[in-house]
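Asks: sharing a sequence plus its predicted fold:
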Amino acid sequence: KFRGAFNRLSTLEKEAASKGVVAFSSGNFGQALAAAATSLQIPCCIVSPQDAPAIKLERIEKFGADLVLSTAKPDENREVVASALAQEISATKGLTLLHPFEDAKVIHGIVRPVSRDDRRSARHCRGSLWWRWLDRWNPIGCGTSPRERHYKAHRSVYSRA
């Protein structure tokens with residue numbers, strides 16, 4: 001989450017960065033965005049549901065973000081209410097609205113270190129879930145040697161022997 005937040009913040013225009021950002025989150029992305037914004041000295045406001053875990057809310061404030069709590073009625077989705085409040089704050093204060101999971105630059109920051117083009121990072125992920133995730137998106141894999149890539153491409157031939 002931190003890599004995604006940091007990547008998104010580092011791609012902001014100077015004018016937008018000086019005004020600040022706002023996002024809605026019930027915890028993890030809010031903490032990551034607050035920490036990244038503080039490290040880049042960008043003002044940050046996090047809108048979070050009132051019933052989010054207290055420890056996460058404390059950390060959002062500890063990392064230096066302004067915390068705004070939203071209250072949802074029993075028949076409303078708490079994330080939808082927080083999102084609407086974040087959009088309202090963005091419109092009234094002129095802050096850039098960042099979406100925790102539908103922003104391509106946030107996702108790119110999260111996934112980038114294990115993309116198939118970054119062989120060094122992928123080499124360190126062998127055996128982990130990330131490596132299996134990477135193999136699903138790149139069937140041949142991103143092995144470090146031509147021999148390993150050949151084996152992965154022709155695995156069925158070798159398994160019959």
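Replies: Yes, it's here.

Asks: alpha carbons only for contacts and neighbour counts from here, please
Replies: Will do.

Asks: please enumerate the strands of this protein.
Replies: 21-24, 44-49, 66-70, 96-98 (DSSP state E).

Asks: tilt between the longest helix that the chain contains and strand 66-70?
Replies: Assignment by DSSP state H gives helix 78-93 as the longest helix of the chain. Helix 78-93 runs at 130 degrees relative to strand 66-70, counting by axes from the mean of the first three to the mean of the last three Cα atoms, to 10 degrees.

Asks: got the contact list for helix 78-93?
Replies: 21-26, 46-49, 69-72, 95-97 (Cα atoms under 8 Å, 6 or more residues apart in numbering).

Asks: how about 6 Å then?
Replies: 23-24, 47-49, 70, 72, 97 (Cα atoms under 6 Å, 6 or more residues apart in numbering).

Asks: between which two of those is the distance greatest?
Replies: 72 and 97 (20.2 Å; Cα to Cα).

Asks: of the two, who's got more company?
Replies: Between residue 72 and residue 97, counted using other Cα atoms under 10 Å, the more crowded position is residue 97 (19 against 16).

Asks: residue contacts, that one?
Replies: Applying Cα under 6 Å, 6+ apart, the residues near residue 97 are 21-23, 90.

Asks: beta partners of it?
Replies: residue 22 (DSSP bridges).

Asks: for it, give its distance to residue 66.
Replies: Here the criterion is Cα to Cα, to the nearest Å. By it, residue 97 lies 14 Å from residue 66.

Asks: and residue 18, by the same measure?
Replies: Distance from residue 18 to residue 66, by Cα to Cα: 15 Å.

Asks: before we move on, what about residue 74?
Replies: 26 Å.

Asks: neighbour count winner among those two?
Replies: residue 66 (15 against 7).

Asks: tell me who's in contact with the closest residue to the more buried one other than its chain neighbours.
Replies: Nearest residue to residue 66 in three dimensions, chain neighbours excluded: residue 45, at 4.6 Å (Cα to Cα, 6 or more residues apart in numbering). By Cα under 6 Å, 6+ apart, the residues touching residue 45 are 22, 65-67.

Asks: swap in 10 Å and give it another go.
Replies: Residue 45 is in contact with 20-24, 30, 33-34, 37, 60-61, 64-68, 86, 89-90, 95, 97, counting by Cα atoms under 10 Å, 6 or more residues apart in numbering.
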